[in-house]
Structures are given as C-alpha cells and as structure tokens.
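# What shape does this take:
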Amino acid sequence: MEPTSLSANWKKLQATLKNSRNEITSNKTSSHQAIKRKRDPPKPASQKSSLDAPRPRKRQRMQKSMAASSESSANSITIREQEDANTISRPRVSVGAASDKINAGLDSDVDVGRYVAVDCEMVGVGPNPERESALARVSIVNYDGDQIYDSYVLPLEPVTDYRTHVSGISPKHMNIARLFKDVQADIAKILEDRVIIGHSIRHDLAALMLGHPLRDIRDTSRHPPYRKIAGGSYPKLKILASELLGVQIQVGEHSSIEDARACMMLFRKDKSVFEREHKKKWPAQAPVQPQPDADTVDKPRKHKNKKKKKKR
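Residues are numbered from 1 along each chain as shown. Reported below is the predicted structural model:
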C-alpha cells in the first residue's frame, strides 16, 4: 500500500472517531439534564424568594428596639427625666444649648417652676486674688434646663485677677455688666419660696450676699451617693457630669449656664434619693393648730355657794 493512500485512510479514521466522541458527550449531557429536571421540578412563577418574604413581627420589633437604643446612646449629652410618682416623661435637656442668651437678664417667657439651679462665676479681688473672690456672673435654669436668668455682674471691689482661663470673664464683659444691687434684687425674687439646686451652693449664696432656708437647698456636692465617687470628700462637678451623665463640661473656660444645667440634670437623675435623704434631716412639720381668740373663748362660770336655810 502506498504511503499516500495510508495517510488518507488514517485521516478518515480520525474524523470518524472524533464524531463518535462528540455524539457520546452530547448524549451524556442531555441525559444528565433530563435526570436533573425530574429531580428538581421548576418553581411556580407565583412563588416569592426568601428575600421578598415578609419578615416576622418579632424580628421587626427587635430591630425597632435596637434602632431606638442606638439612637439614645448616640445622644449622650441628653437626659430624659421621669417623675417618681407617675413616671411622666419630661422634655430632654442638654448641657449646652444653642438658645442660651448670654447676659440677657431675666427671661419673662420661661416658666420658673418650683425647682431652680444656680451657678456663679467669680473673679479675684483685693491684694490676695487667689483667696478673695467676688461675683462676676450668675445664671439660673429651671427644672427642664431652660435659661431663666443670666447676667454679668460688676464687682463691688476692683478686680485684680479675672481668672479668664477658668471663669471666662474678661475686662470687656465688665462694660456690659449690671450693677450688683440690681442683680441681687432680681435673684432674690426668683429664689423666694423655691427649692434651689447647686454645687457647693453656699459659696454662690455668699457671693450673692443672700440667705436661703436650708430646708429648701439641694447640694450636689453633699449628696451621699455622689460623695462616694470622690471617696467621701466633696466631688467635682466636672467628674460627676462625666461619670454619671456622660457629658463633658468645663472644657477650657467655664460657663455658669452650663454648670447650672449640669447640676439640675444630676438632681433629676437621683431625685428620689435626694428627697429621701433630705427628709432624714428635715422631717415634715406637723401643721400648726390655730389658736382661738381670747374674746371668743367661753369663760368658765363661777358657781356661787348658796347658803342653806336653817329649818325652824
């Protein structure tokens, strides 16, 4: 056999084998697909995927509660107060508010209420300004943290140290400050017959040259649970605000509005314990019985001794 005919026959054989392999592969594929269709019947068109299925109510409630808790934790400079008796929610208050009106005096549009918080800023006076202080600013907020009063005060003595890095007071503020006697009269009217809250409040009252019944004072520096944080001594307001409220105050220059609002928030946070501790020192007084007038009292009648007649 010639080589040319051998190569031609060999080519035909190779082509035949290739076609047979392709037929076998296609038959296997078609049979495998047929078996798969029998095992996995097609889904109806109306069936929805698991992603489109409605979520269970329980999962929705859990997601809502998680979202609410994350929102409350993000708002770390606010606090919601609940009354002890009926747990009525109160408006949230923040330590720093954009609505604060510096040196605005008395805000007659704000409801004062029964509880007010007071804080003062001092400057140094006299030959020893580190030890001698005078009033230079006073602020008052109500129970909800709304600003009631704020004013710079012209000290009665020449200022020898403004303590600007702490007090925030500078000489320019004295140009718009009010007279001490005018501020004192305004504060006295606000504090009359009200419960005042403050941190070492006796220093503020001394600077204002005002007195107040001890029964109507709540001092956050003397509150026993708060003193435990300082190991039994008087705690700093900045530390209490950071540890108990999660807020930062007195960063740099102080603000009397900010400090007064922080005091009120601390009082509201532990109000029931404040009042319980207060009742131990100042129990409720028994009502005084009115004394009757001397003219209206029936005087006892004197019985005259009758003489007995002698029998004859």
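# Please make it C-alpha for all contacts and neighbour counts, starting now.
Will do.
# residue boundaries of the strands in this structure?
Taking DSSP state E to define them, one finds strands in the chain at 78-79, 93-94, 105-106, 115-125, 133-142, 147-154, 159-161, 178-179, 195-198, 217-219.
# Is it possible to get a markdown table of those strands that adds distance to residue 205?
Output for the strands of the chain, formatted as a markdown table (distance: least, C-alpha to C-alpha, whole Å):
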| stretch | distance to residue 205 |
| --- | --- |
| strand 78-79 | 27 |
| strand 93-94 | 25 |
| strand 105-106 | 18 |
| strand 115-125 | 9 |
| strand 133-142 | 10 |
| strand 147-154 | 14 |
| strand 159-161 | 20 |
| strand 178-179 | 17 |
| strand 195-198 | 10 |
| strand 217-219 | 11 |
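# Nearest to residue 234, out of those?
strand 217-219 (10.6 Å; C-alpha to C-alpha).
# Can you name the residues in contact with that closest one?
Applying C-alpha atoms under 8 Å, 6 or more residues apart in numbering, the set of residues contacting strand 217-219 from outside is 195, 196, 197, 198, 199, 200, 201, 267, 274.
# can those residues go into CSV with extra columns for neighbour count, distance to residue 110 and pLDDT?
Below are the contacts of strand 217-219 laid out as CSV (neighbours: other C-alpha atoms under 10 Å; distance: C-alpha to C-alpha, whole Å; pLDDT from 0 to 100):
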residue, neighbour count, distance to residue 110, pLDDT
195, 18, 17, 98
196, 25, 17, 98
197, 27, 18, 98
198, 29, 20, 98
199, 25, 23, 98
200, 18, 26, 96
201, 21, 23, 97
267, 23, 20, 98
274, 18, 25, 96
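# hey, what's residue 139 bridged with?
residue 119, residue 150 (DSSP bridges).
# That one and residue 119, how far apart?
According to C-alpha to C-alpha, to the nearest Å, residue 139 stands 6 Å off from residue 119.
# what do the two both touch?
Shared contacts of residue 139 and residue 119 (C-alpha under 8 Å, 6+ apart): 256, 257, 260.
# What residues does the closest residue to the second one other than its chain neighbours make contact with?
The spatially closest residue to residue 257, leaving aside those adjacent along the chain, is residue 139, at 5.3 Å (C-alpha to C-alpha, 6 or more residues apart in numbering). The neighbourhood of residue 139, defined by C-alpha under 8 Å, 6+ apart, consists of 118, 119, 120, 147, 148, 149, 150, 151, 256, 257, 260.
# which residues of the stretch 1-150 of the chain score low on pLDDT?
Low-confidence regions of the stretch 1-150 of the chain, defined by pLDDT under 70, span residues 1-98.
# Next: the stretch 151-300 of the chain.
Scanning the stretch 151-300 of the chain for pLDDT under 70 picks out the ranges 285-289, 292-300.
# ok, 80 please
284-300 (pLDDT under 80).
# Adding distance to residue 162, write the contacts of strand 217-219 out as a markdown table.
As requested, those are arranged in a markdown table below (distance: C-alpha to C-alpha, whole Å):
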| residue | distance to residue 162 |
| --- | --- |
| 195 | 31 |
| 196 | 27 |
| 197 | 26 |
| 198 | 23 |
| 199 | 21 |
| 200 | 21 |
| 201 | 21 |
| 267 | 30 |
| 274 | 35 |
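# Out of those residues, which comes closest to residue 215?
residue 195 (8.3 Å).
# how far away is that closest one from residue 270?
Noted for residue 195: a distance of 15 Å to residue 270, by C-alpha to C-alpha.
# Also residue 233?
Distance from residue 233 to residue 270, counting by C-alpha to C-alpha: 19 Å.
# now do residue 141
Spatial separation of residue 141 from residue 270 under the definition C-alpha to C-alpha is 18 Å.
# same question, residue 113
According to C-alpha to C-alpha, residue 113 stands 19 Å off from residue 270.
# Kindly report the same for residue 208.
As defined by C-alpha to C-alpha, residue 208 lies at a distance of 27 Å from residue 270.
# neighbour-wise, which of these two wins?
Residue environment comparison for residue 208 versus residue 270 gives the larger neighbour count to residue 208, 21 against 14, counting by other C-alpha atoms under 10 Å.
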